[in-house]
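> With the sequence up front, the predicted model follows.
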Amino acid sequence: MQTEQNKTLEVLKIAIQMEIDGKTYYLKISQESTNELGKELLQALAAEEDIHRRKFEEIYKAIEKQKGWPAVDFQPDEGRGLRSVFARALENQSASTKPLSTELDAIETAMAMENKTFDFYKNQEQKATYDAERNYYQSLCAQERHHYLVLLDYYEYLKDPAWWFAKTERPSLDGG
């Protein structure tokens with residue numbers, strides 16, 4: 001019979017592997033990107049996945065020792081860091097950027113991965129036994145949602161840069 005602690009450790013192993021896979025994927029597609037904006041953004045996402053992995057490993061070790069969910073010091077930045085990477089990189093981009101279709105496919109895959117990870121963490125949040133566990137998964141859900149939104153923004157930029165710039169700059173046609 002599997003104990004509650006063992007079930008929790010198994011979930012943490014899955015979460016650790018998801019974060020490793022995410023980091024690996026982001027680094028791979030960043031190397032394949034033909035766009036400096038993409039490279040920088042995807043490397044920043046890989047770094048965030050690594051932060052998540054390390055935090056899960058800390059939690060795993062603590063649960064192995066004390067059999068309960070530890071207090072977790074995790075303060076996600078709600079996507080501000082990724083948005084600033086995106087904003088800085090866009091300063092040197094033009095509305096005529098031409099993406100490879102494979103890059104668009106890679107970003108679609110990344111968005112699907114973020115959604116899958118969000119769903120997994122949301123499910124764990126709902127099953128949480130400890131308040132610290134629930135709060136941690138809520139924070140991760142928020143961060144995964146921000147990852148998705150930044151990727152969506154980048155996808156829209158790659159797909160139609162001119163439209164993206166017009167949408168983002170919100171030009172006004174007042175006739176004056």
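That came through, no problem. Residues are numbered from 1 along each chain as shown.

> Make sure residue 125 is actually in contact with residue 141.
Yes: counting by C-beta atoms under 8 Å, residue 141 is a contact partner of residue 125 at 6.3 Å. Bear in mind the C-beta positions are built from the backbone N, C-alpha and C, glycine included.

> Comparing the two, which residue is more hemmed in?
More crowded of residue 125 and residue 141, by other C-beta atoms under 10 Å: residue 141, with 20 against 17.

> Over to that one. Which of the three states is it?
Put simply, residue 141 is helix when judged by DSSP: H, G, I helix; E, B strand; the rest coil.

> any low-confidence regions in the protein?
1-2, 74-101, 169-176 (pLDDT under 70).

> In space, what's closest to the residue nearest the centre of it - neighbours in sequence excluded?
In the chain, the centroid-proximal residue (C-alpha atoms, centre = their mean) is residue 147; its distance is 3.5 Å. Nearest residue to residue 147 in three dimensions, chain neighbours excluded: residue 114, at 4.8 Å (C-beta to C-beta, 6 or more residues apart in numbering).

> Just give me the neighbour total for the one you found.
22.

> Now for it, which secondary structure element holds it?
Here residue 114, judged by DSSP states H and E, is contained in helix 101-127.

> Show me what that helix packs onto, helices and strands only.
Applying 3 or more C-beta pairs under 8 Å, 6 or more residues apart in numbering; DSSP states H and E, we find helix 101-127 packed against helix 4-32, helix 36-66, helix 131-159.

> Next one: the residue lying closest to residue 104 once chain neighbours are set aside from residue 45, what distance?
Nearest residue to residue 104, sequence neighbours excluded (C-beta to C-beta, 6+ apart): residue 158, at 5.8 Å. Distance of residue 158 to residue 45, given as C-beta to C-beta, to the nearest Å: 15 Å.

> Look at those two and report which has more neighbours.
Set side by side, residue 158 and residue 45 show more neighbours around residue 45, with 25 against 21, by other C-beta under 10 Å.

> which residues touch that one?
Taking C-beta atoms under 8 Å, 6 or more residues apart in numbering, we find residue 45 in contact with 22, 26, 82, 110, 147, 150, 151.

> Distance to residue 102 added to those, as JSON lines?
Output for the contacts of residue 45, formatted as JSON lines (distance: C-beta to C-beta, whole Å):
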{"residue": "22", "distance to residue 102": "19"}
{"residue": "26", "distance to residue 102": "15"}
{"residue": "82", "distance to residue 102": "22"}
{"residue": "110", "distance to residue 102": "13"}
{"residue": "147", "distance to residue 102": "21"}
{"residue": "150", "distance to residue 102": "20"}
{"residue": "151", "distance to residue 102": "15"}
